[in-house]
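Below is the sequence, then the predicted model.
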Amino acid sequence: MPLAPVQVPVQVPAGLPSALLERRPDIAAAERAMAAAYARVGLAQSAFFPRLDLTAMLGVESATLGNLFHWSSRTFLLGPLAGTALSVPLFDGGRRSAMLGAAQARLDEDVALYRQQVLVAFREVEDSLAELRLLKVQHAAQVAAVAAARRAGQLSQNQYEAGQVSYLEVIDAQRQILQARLQLNRLAGAQAVATVSLIRALGGGWDAADGQVAAR
């Protein structure tokens with residue numbers, strides 16, 4: 001009984017680099033959020049440092065110095081620097097410290113989220129790889145089972161032609177071949193599904209160069 005050949009799923013190269021995970025949308029989003037949080041912390045920290053402003057006239061007047069000597073500005077002019085003015089924050093009721101603390105807390109939260117997303121990604125990839133390894137072993141065993149069923153079927157056919165068995169034996173052997181082939185097809189389908197799951201977990205496919213880079 002002629003049957004269509006089983007299509008073997010794409011083979012996964014050994015040693016895929018973990019950098020492939022950076023293509024995942026969830027990891028990319030978490031990485032961007034973490035970078036933005038780092039930038040916010042840097043901005044909040046910079047508010048504590050003196051600000052050097054160029055003046056329009058030689059130390060006489062500028063837009064930033066117009067209210068310099070009002071207490072509400074809470075700044076000092078440090079020395080008559082030619083063409084410059086140094087503005088130093090003195091007291092703001094803890095506003096800058098609160099902003100820095102909030103930015104740092106957001107950074108800690110985003111870093112924790114990023115680490116969590118990476119761990120989830122690694123777990124999903126490892127689960128897919130483990131499933132593919134198991135299915136590969138099962139597929140190889142089923143290929144051997146199909147070959148054995150075919151040999152048994154050929155033996156039954158020869159015995160029937162020699163008048164040693166009834167045609168029922170031939171039919172039963174053909175049924176065994178069909179069942180073995182169907183199971184092989186099911187395993188091939190399961191391998192295809194697991195491969196798609198791995199591609200999704202990695203955030204995309206791969207090529208031979210990925211495995212070669214990881215092996216170096």
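On my side now, so go ahead.

Name the spans of the protein whose pLDDT lies under the cut-off.
1-18, 47-94, 207-216 (pLDDT under 70).

those helices in this protein, which residues are they?
Ranges of helices in the chain, per DSSP state H, are 25-46, 95-161, 167-202, 208-215.

nearest to A19, of these?
A19 lies closest to helix 208-215 among those, at 8.5 Å (CB to CB). All C-beta spots, glycine's among them, are computed from the backbone N, C-alpha and C.

With distance to A19 as extra columns, can I get the helices of the chain in a markdown table?
Formatted as a markdown table, those follow (distance: least, CB to CB, whole Å):
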| stretch | distance to A19 |
| --- | --- |
| helix 25-46 | 11 |
| helix 95-161 | 12 |
| helix 167-202 | 10 |
| helix 208-215 | 9 |
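
Would you reformat those as a markdown table and include mean neighbour count?
Output for the helices of the chain, formatted as a markdown table (neighbours: other CB atoms under 10 Å):
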| stretch | mean neighbour count |
| --- | --- |
| helix 25-46 | 15 |
| helix 95-161 | 15 |
| helix 167-202 | 17 |
| helix 208-215 | 12 |
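
isn't R24 right up against I199?
No. Applying CB atoms under 8 Å as the test, R24 and I199 come out as separate, 10.9 Å apart.

what residues are shared contacts of these two?
Common contacts of R24 and I199 (CB atoms under 8 Å, 6 or more residues apart in numbering): none found.

Next one: M99 from L107, what distance?
Distance of M99 to L107, computed by CB to CB, to the nearest Å: 13 Å.

what does E126 give?
When E126 is compared with L107 (using CB to CB), they lie 29 Å apart.

same check, this time on A44
10 Å.

ditto for D26
19 Å.

Likewise for I171?
72 Å.

Ok, L132 next?
For L132 relative to L107 (CB to CB), the value is 37 Å.

How about residues contacting stretch 112-123?
Here stretch 112-123 has contacts from S18, L21, R24, D26, I27, A30, E31, A33, M34, A201, using CB under 8 Å, 6+ apart.
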